[in-house]
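K.L.:
give me a model of this one.
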Amino acid sequence: MVFFLLLILLLSPPLTAYGDAQIYVYKEADGAIRFSSKPPPSGVNAKVFTGKKSGFSWYRMGKSRGVPRLFSNEYQAIISNASKTYGVDEHLVRAVIHAESAFNPKAVSPKGALGLMQIMPFHFRRLGIKDAFEPKQNVDGGVRMLRELHDRYKGNVRLMLAAYNAGEEAVARYKGVPPYTETQNYVTKVMSLRKRYAEKKGR
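P.N.:
Numbering: from 1, shown residues only. Modelled structure (predicted):
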């Protein structure tokens, strides 16, 4: 199973990579496949690959290549169900997925974030994710995280997005959107995409 997942990753069309971080893939006692940027416990066999093989799409990096096309119909049922379950705006969810992975379910970042909503491995157990490349599990986990951030920041979407991108500690440290170029570009991009998805839906 681990070999199969790695084969899919390594044969996937490469995204824009940066950094040389390693990602460890291994199976735990309960049979779940785990992905981590940290080495596994002693005695656990793991496969390793680096950011040179894969990475974030240019969407997440905040770079511009003109007006990006929209992904209006991809994973419609999955996104709609998760949005209704957690009470999160569907257009926002679609915009986040667009910015995070450009709707590539096999997207991997050198820092270890995986799948459509680029979820870090340390969130998997809490979110009940066993296969981060399975769209339904990934989107459900990502939307659940957005709901948690919605509640924490009382519906302030800019702070929700900043925390999703840079972490809650960074938002607390700067008492707002951190002064990181990537995070500021990310927030602007997702807000713009959300508006475009909402406008297209309303036509």
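
K.L.:
residue 174 is in contact with residue 184, correct?
P.N.:
No. When contacts are counted by CB atoms under 8 Å, residue 184 is not listed as touching residue 174 (11.1 Å). (Glycine included, C-beta is placed from N, CA and C.)

K.L.:
of those two, who's got more company?
P.N.:
residue 184 (17 against 14; other CB atoms under 10 Å).

K.L.:
what helix or strand is that one on?
P.N.:
The secondary structure element spanning residue 184 is helix 181-201 (assigned by DSSP states H and E).

K.L.:
low-confidence regions, this protein specifically.
P.N.:
1-38, 46-67, 202-203 (pLDDT under 70).

K.L.:
now do the strands in it.
P.N.:
In the chain, the strands defined using DSSP state E lie at 22-27, 33-36, 47-50.

K.L.:
residues near the closest residue in space to residue 146 that isn't next to it in sequence, how many?
P.N.:
In this structure, residue 146 finds its nearest non-sequential neighbour in residue 88, 5.0 Å apart by CB to CB, 6 or more residues apart in numbering. Counted with other CB under 10 Å, residues neighbouring residue 88 total 22.

K.L.:
from residue 81, how far off is residue 88?
P.N.:
Relative to residue 81, residue 88 is positioned 11 Å away (criterion: CB to CB, to the nearest Å).

K.L.:
ok, residue 183 touching residue 166?
P.N.:
Yes. Contact status for residue 183 versus residue 166: in contact at 4.5 Å, counting by CB under 8 Å.

K.L.:
mind listing what residue 94 touches?
P.N.:
71, 72, 79, 193, 194, 197 (CB atoms under 8 Å, 6 or more residues apart in numbering).

K.L.:
which residues touch the nearest residue to the third one once chain neighbours are set aside?
P.N.:
Okay, so that is residue 79. The spatial neighbour of residue 79 that comes closest, neighbours along the chain excluded (CB to CB, 6+ apart), is residue 93 at 5.4 Å. With contacts defined as CB under 8 Å, 6+ apart, residue 93 is in contact with 79, 82, 83, 139, 142, 143, 146.

K.L.:
using a markdown table, lay out those together with neighbour count and distance to residue 101.
P.N.:
As requested, the contacts of residue 93 are exported to a markdown table (neighbours: other CB atoms under 10 Å; distance: CB to CB, whole Å):
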| residue | neighbour count | distance to residue 101 |
| --- | --- | --- |
| 79 | 23 | 13 |
| 82 | 24 | 15 |
| 83 | 20 | 17 |
| 139 | 25 | 11 |
| 142 | 28 | 10 |
| 143 | 26 | 14 |
| 146 | 25 | 15 |
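
K.L.:
can you flag the buried ones in the contacts of residue 94?
P.N.:
Buried residues within the contacts of residue 94, defined by neighbour count using 16 or more other CB atoms under 10 Å: 79, 193, 194, 197.

K.L.:
pick out whichever of those sits closest to residue 152.
P.N.:
Distance to residue 152, by CB to CB, is smallest for residue 194 among the buried ones among the contacts of residue 94, at 19.1 Å.
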